[in-house]
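Quick one: sequence and predicted model below, then my questions.
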2 protein chains.
Amino acid sequence: MKINDNYLKLKSSYLFSTIAKKVREYEAKNPDKQIIRLGIGDVTKPLAPEVIKAMHGAVDEMACEETFQGYPPEYGQKFLLDAINDFDFRRLGVEIDNDEIFVSDGAKSDTGNIGDIFSVDNVVALCDPIYPVYVDTNVMAGRSGDALDGGKFSKFVYLPCLEENNFLPSLPTQKVDLIYLCFPNNPTGMAITKDELQKWVDYANENDAVILYDAAYESFITQENVPHSIYECENAKTCAIEFRSFSKTAGFTGVRCGYTVVPKALERDGVSLNGLWSRRQATKFNGVSYITQKAAAAVYSQEGRKQVEDTIKFYLNNAKVIKEGLVEAGFTAYGGVNSPYVWLKTPEGMTSWEFFDFLLEEVQVVGTPGSGFGPAGEGYFRLTAFGSAENTKKAIERITKRFKK
Amino acid sequence: MKINDNYLKLKSSYLFSTIAKKVREYEAKNPDKQIIRLGIGDVTKPLAPEVIKAMHGAVDEMACEETFQGYPPEYGQKFLLDAINDFDFRRLGVEIDNDEIFVSDGAKSDTGNIGDIFSVDNVVALCDPIYPVYVDTNVMAGRSGDALDGGKFSKFVYLPCLEENNFLPSLPTQKVDLIYLCFPNNPTGMAITKDELQKWVDYANENDAVILYDAAYESFITQENVPHSIYECENAKTCAIEFRSFSKTAGFTGVRCGYTVVPKALERDGVSLNGLWSRRQATKFNGVSYITQKAAAAVYSQEGRKQVEDTIKFYLNNAKVIKEGLVEAGFTAYGGVNSPYVWLKTPEGMTSWEFFDFLLEEVQVVGTPGSGFGPAGEGYFRLTAFGSAENTKKAIERITKRFKK
């Protein structure tokens, strides 16, 4: 019996598990210290009242033989597909068929599992810094080549996102097959305009590449010229798969729901990628809890929409507090306008992990080291806007007090 | 961009999707006919009152900032791991650590995804007939070799389960690396004794193979000498991974929860398979809904246990009605004693699909063609005990009336 030894190329633990472990250890040694967590992108506000109402109603349906729901439809309940389609696409003027939408237990699963339908031989282009799931799942699948010094892999094509390009990757200069893009971006918090994204769509169509577009943070978009879906760009349906999540939109991190769009027009070698993903999901997944799908549909009701939008405004205000506070204290900080993430440069030449340890030990604030998102993240640090208003304010006061010039 | 062309070796749709389509088409043409579904293994009884109570409570917790739950622990909530461990293992005298248990959205996902941690080069042994997920996911992963005439694949080792061996596979005569076993079996409904299963454990330990043991139907076991867990066998922890499901135990087909046990003693090439699965789940999965985990934990409460056991007794009585009715009408039928499945020989030399069409068209009963579970299933047919008592009785009356000698 042989293991999949691609796994041995990975660091032994997932970034956020490592952070959680460090924090637990610090906590155990310093039980009196009050830690503020602005690290992992987890929400803190409760579910919207409309969502709660829908879930209670669905639980009651599961209690009666007449209304009980067994195996869910493999790709999502019609009431949810209709709601997604109306609000997330038709409203933008984007035509998507319901059978191009696949409801799942979350965008992390889908962005991880999507690799199943692609050959191991594809060349993968990754932004740097990047959400670690795209990297690690391609290492596991055997697309990485060898681990190099400095945290890179030999076969991946890296697209640096740095201050000098305003954190927008440049088009690849060599042939790539699969391109992961995430906008508004995790971790930098930066958005892409429709015109800029159109360049990527055109590139992919011209070069027979497929874009894997993670739009998990689209509901944080506040600016007009920023697309909520890649399908707002022309001809994106022949080159792009889009991932969406209810985690950040509606506080579903603990509920688990997302969806993936695979257009039927997306074909390669005469094979429909929609058909491949249908087959993958029907074989290796069994649909989403009825109660969860009722909850997700409630997000699209008039009242539900208003409630989740209020929460997003609340988090965006936290982002503003973080960014303005840091800038005032002399930090250089990005993001936070179309995103719950603020991406700051570490002070005094500290590395990302040095700054992590410093913040944890000196002011008991947990953030995420930029280098955890890739080599180009070194010297940066991510803070998230998902805390309470009070804790967010307190955390920024603690940091800026320590650094104010 | 190249697709994973292993997918092209698969039949275009998953067995149960094909059946559902056939039934929909028949229904559309015959809107006046009342169809009874004893095909897919989906439950019909509502969730237990204790489970409903727990879910309402958990939904209420999600409504308040103080009790709101965000990202779940990656491998399961402690309260659920404790309950699983106490009832499913310690009670049997089996010592499993909580960090050997991985809670998931269901056994279908886990039995499908487990292949991620194994090399593509392993030789896979499969019972025939078999739950199609084991076959299809190994085809997708590239372990199958070529599709042969008759529905087999060149690199798989098939272990026929037929009348002559009482539907228990014989030990392989050639070297195999991964062995899928499911007991009580889907589709045959037959169980394995502890002594017989010990032979497989010994074989795997001696031959460096890993057993992937699907125990999704263990709660239907009624006989004394039948193991509920493979870890009741000696030394199973060095060779076996076990899959469990709440779908059939507690009617969770529409709720989605299961778990997988990967013992820390299970190592190959000096690498812990527990570590590999931990990494896979932390990277490509994001835990199970808090509400679902509270529901699953309620299954283990004293009152919850009693409630789900009553439902299982109800289904087992349906199985008895099916089997005894068929035998009385001259059919040869197996299973149904430690299982919700009855496995019958098709009458009058009909193929499995001929019998499927016959039952649908003549008596409007939906079952599952044995050949859908593999070549050795040809000439057999599966009926499930998950219907209502009334429909089950009616279906068997319809069938036996048509066939009574």
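Great, that's in hand. Worth saying up front: this structure is predicted, and the values here are computed from it rather than measured. Numbers count the residues shown, from 1 in each chain, chains lettered A, B, ... in the order given.

Grab the nearest non-local neighbour of the residue in the stretch 101-250 of chain A positioned nearest to chain B.
For the stretch 101-250 of chain A, the residue closest to chain B is A:Gly112, as judged by CB to the nearest CB, at 3.3 Å. (Each C-beta comes from the backbone N, C-alpha and C, glycine too.) Distance criterion CB to CB, 6 or more residues apart in numbering or on different chains; nearest residue to A:Gly112, sequence neighbours excluded, is B:Lys284 at 3.3 Å.

Let me know the secondary structure of the residue nearest to A:Thr238 when sequence neighbours are not counted.
Excluding the flanking residues, the one nearest A:Thr238 by CB to CB, 6+ apart is A:Ala265, at 5.1 Å. Taking DSSP: H, G, I helix; E, B strand; the rest coil as the rule, one finds A:Ala265 in the coil state.

Kindly state the domain boundaries assigned to chain A.
A:5-46+A:304-403, A:52-301 (automatic domain parsing).

among these, which is the most enclosed?
domain A:52-301 (a mean of 20; mean count of other CB atoms under 10 Å in any protein chain shown).

from what I can see the residue nearest to A:Gly112 touches A:Gly106, true?
No: judged on CB atoms under 8 Å, B:Lys284 makes no contact with A:Gly106 at a distance of 10.4 Å.

And the strands in the stretch 151-300 of chain A?
A:157-160, A:178-182, A:210-214, A:240-245, A:258-261, A:267-268, A:271-272 (DSSP state E, counting those that start in this stretch).

Quick one: list the elements packing against the fifth one.
Strand A:258-261 makes packing contacts with strand A:101-104, helix A:107-113, strand A:240-245 when contacts are defined by 3 or more CB pairs under 8 Å, 6 or more residues apart in numbering or on different chains; DSSP states H and E.

which stretch among the ones you listed comes nearest B:Gly372?
Ranking the helices and strands packed on strand A:258-261 by proximity to B:Gly372 (CB to CB) places strand A:101-104 first, at 23.8 Å.

now that closest one: mean pLDDT?
The average pLDDT for strand A:101-104 rounds to 98.

Low-confidence stretches in chain A?
Applying pLDDT under 70 to chain A flags the ranges A:12-13, A:405.

and with 80 instead?
Within chain A, the segments meeting pLDDT under 80 span A:11-14, A:40, A:404-405.

Name the next helix or strand downstream of the longest helix anywhere in it, please.
What stands out as the longest helix in chain A, according to DSSP state H, is helix A:302-328. Downstream of helix A:302-328, the next assigned helix or strand under DSSP states H and E is strand A:333-335.

Residues touching that following strand, excluding its own?
A:163, A:167, A:184-185, A:188-190, A:319, A:322-323, A:326-327, A:341-345 (CB atoms under 8 Å, 6 or more residues apart in numbering or on different chains).

returning to that earlier point: of the domains of chain A, which approaches B:Leu47 most closely?
Comparing these by CB to CB, domain A:52-301 comes nearest, at 4.8 Å.

Any idea how far apart the tips of the closest one sit?
Domain A:52-301 has its terminal residues 13 Å apart, counting by CA to CA, to the nearest Å.

How far off centre is that domain?
Computed by CA atoms, centre = their mean, to the nearest Å, the chain-centroid distance of domain A:52-301 equals 9 Å.

My understanding was that A:Asn138 contacts A:Phe156; is that so?
Yes: using CB under 8 Å, A:Asn138 is in contact with A:Phe156, at 7.2 Å.

give the contact list for A:Phe79.
A:293-294, A:297 are the contacts of A:Phe79 under CB under 8 Å, 6+ apart.

can you put those residues in CSV and add distance to B:Ser289?
Listed next are the contacts of A:Phe79 as CSV, based on distance: CB to CB, whole Å:
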residue, distance to B:Ser289
A:Gln293, 11
A:Lys294, 12
A:Ala297, 16
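
now, among these, which is nearest to B:Asp116?
A:Gln293 (26.3 Å).

Do I have it right that the closest one meets A:Asp105?
No: using CB under 8 Å, A:Gln293 is not in contact with A:Asp105, being 10.8 Å away.

export the helices and strands packed on strand A:258-261 to a markdown table and tack on distance to A:Val94?
Listed next are these as a markdown table, based on distance: least, CB to CB, whole Å:
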| stretch | distance to A:Val94 |
| --- | --- |
| strand A:101-104 | 12 |
| helix A:107-113 | 19 |
| strand A:240-245 | 10 |
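
wait, which of these is closest to A:Tyr380?
helix A:107-113 (21.9 Å).

Could you list every helix and strand in contact with that closest one?
helix A:132-141, strand A:210-214, strand A:240-245, strand A:258-261, helix B:273-284.

need these in JSON lines with distance to A:Ile399, can you?
What follows is the helices and strands packed on helix A:107-113, written out as JSON lines (distance: least, CB to CB, whole Å):
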{"stretch": "helix A:132-141", "distance to A:Ile399": "24"}
{"stretch": "strand A:210-214", "distance to A:Ile399": "29"}
{"stretch": "strand A:240-245", "distance to A:Ile399": "29"}
{"stretch": "strand A:258-261", "distance to A:Ile399": "32"}
{"stretch": "helix B:273-284", "distance to A:Ile399": "29"}
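
rewinding a little: which residues are in contact with both of A:Asn138 and A:Phe156?
Listed as contacting both A:Asn138 and A:Phe156 by CB under 8 Å, 6+ apart are A:124, A:126, A:144.

Show me which residues of the stretch 51-200 of chain A are close to chain B?
A:52, A:55-56, A:59-60, A:62-65, A:68-72, A:74, A:105-106, A:108-109, A:112-113, A:116-122, A:132-133, A:136-137, A:140, A:177-178 (CB under 8 Å from any CB of the partner chain).

Let me see the ranges of the helices in the stretch 51-200 of chain A.
In the stretch 51-200 of chain A, the segments counted as helices under DSSP state H, counting those that start in this stretch are A:78-84, A:107-113, A:132-141, A:194-207.

tell me the phi and psi of the residue of the stretch 301-405 of chain A found nearest chain B?
Residue of the stretch 301-405 of chain A nearest chain B, by CB to the nearest CB: A:Ser388 (7.8 Å). As for A:Ser388, its main-chain torsions (degrees, to the nearest 10) stand at phi -70, psi 160.

and if you look at A:Asn338?
Given degrees, to the nearest 10, the pair of backbone angles that A:Asn338 has is phi -110, psi 30.
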